[in-house]
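Just the structure for this:
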Amino acid sequence: MSKKQIKKITFMGVGCALLLIVGTIYSLLYNDGRWVKNMDMSEYVFSYKDIPMLVIGALIALYAIYIVIICFKNVFSKNSREKRYSRTISPYWGFCGMFGFLGFGGFWTYYKFGEIFPFAFFIFFGFFSFFFEGKLSHILEDELFQENKRKAQLEAYKIGFKLLFVVIWLMAIGMFSRNVEWCAIFMLISVSLIYALVLFLSNYLLYRYEKRK
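A predicted model of the protein is given here:
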């Protein structure tokens, strides 16, 4: 926080304190101590004599909000000046993608118990992307890295939306329309796999773009 900001906050704080003192004296002398002494708000009735204390209270609240905003701005500006690095992660976390094969167990649970929730495990295929994220572990996130990251995410989202459109279109033309359960299974599997694909492509494409530098 700059010296100018500190002086400004101090000056405003002193001003609010003086106003509070003046308002308290006014309330005790001319308004029966309302908004100074304990009040039963359930029986409160507005009086024009309350205006000075209400205004002072609003100013103090604005002062507090101003301090919070200044603090946040200084924190974010400090972070923006510091060099940023990608998170440190081991490529071996990519083996977590193996949990995606648990999704095939959904066919067994549906046949035996009528349960379809295991199909959601197909999302874990997206964890294979940790392998490529680990390859880019703790590297400087310069402007080119940020640009490649946005480009990779945008490309992954485009592919994901296109596949989702195909799934919705297939449902719209009546695919599995005679069996609601199979319709639900198809949607759950499709959405899970699309989500996993977007996760995978986001890191895989970023890895490819970075290695072409």
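
contacts and neighbour counts: CA atoms only from here.
OK.

Leu102 contacts Pro118, correct?
Yes: with contact defined as Cα atoms under 8 Å, Leu102 reaches Pro118; the gap is 7.0 Å.

For the two, indicate the residue with more neighbours.
The neighbour comparison of Leu102 against Pro118 (other Cα atoms under 10 Å) goes to Pro118, with 20 against 16.

Next, work out how far apart the more buried one and Gly106 are.
5 Å (Cα to Cα, to the nearest Å).

ok, the residue nearest to Ser192 when sequence neighbours are not counted - contacts?
Counting by Cα to Cα, 6 or more residues apart in numbering, the nearest residue to Ser192 once its immediate chain neighbours are dropped is Ile123, at 4.8 Å. Contact partners of Ile123, counting by Cα atoms under 8 Å, 6 or more residues apart in numbering, are Gly100, Ser192, Leu193, Tyr195, Ala196.

now Ile123: how far from Gly103?
On the measure of Cα to Cα, Ile123 and Gly103 end up 8 Å apart.

Make sure Leu163 is actually in contact with Ser192.
No: taking Cα under 8 Å as the definition, Leu163 is not a contact partner of Ser192, at 11.7 Å.

Give the residue from these two that has the larger number of neighbours.
Ser192 (21 against 16).

tell me which element the more buried one falls in.
Element membership for Ser192 (DSSP states H and E) is helix 180-211.

distance between that helix and the chain's centre?
21 Å (Cα atoms, centre = their mean, to the nearest Å).

Next, the buried residues of it.
Within helix 180-211, the residues scored as buried using 16 or more other Cα atoms under 10 Å are 185-207, 209.
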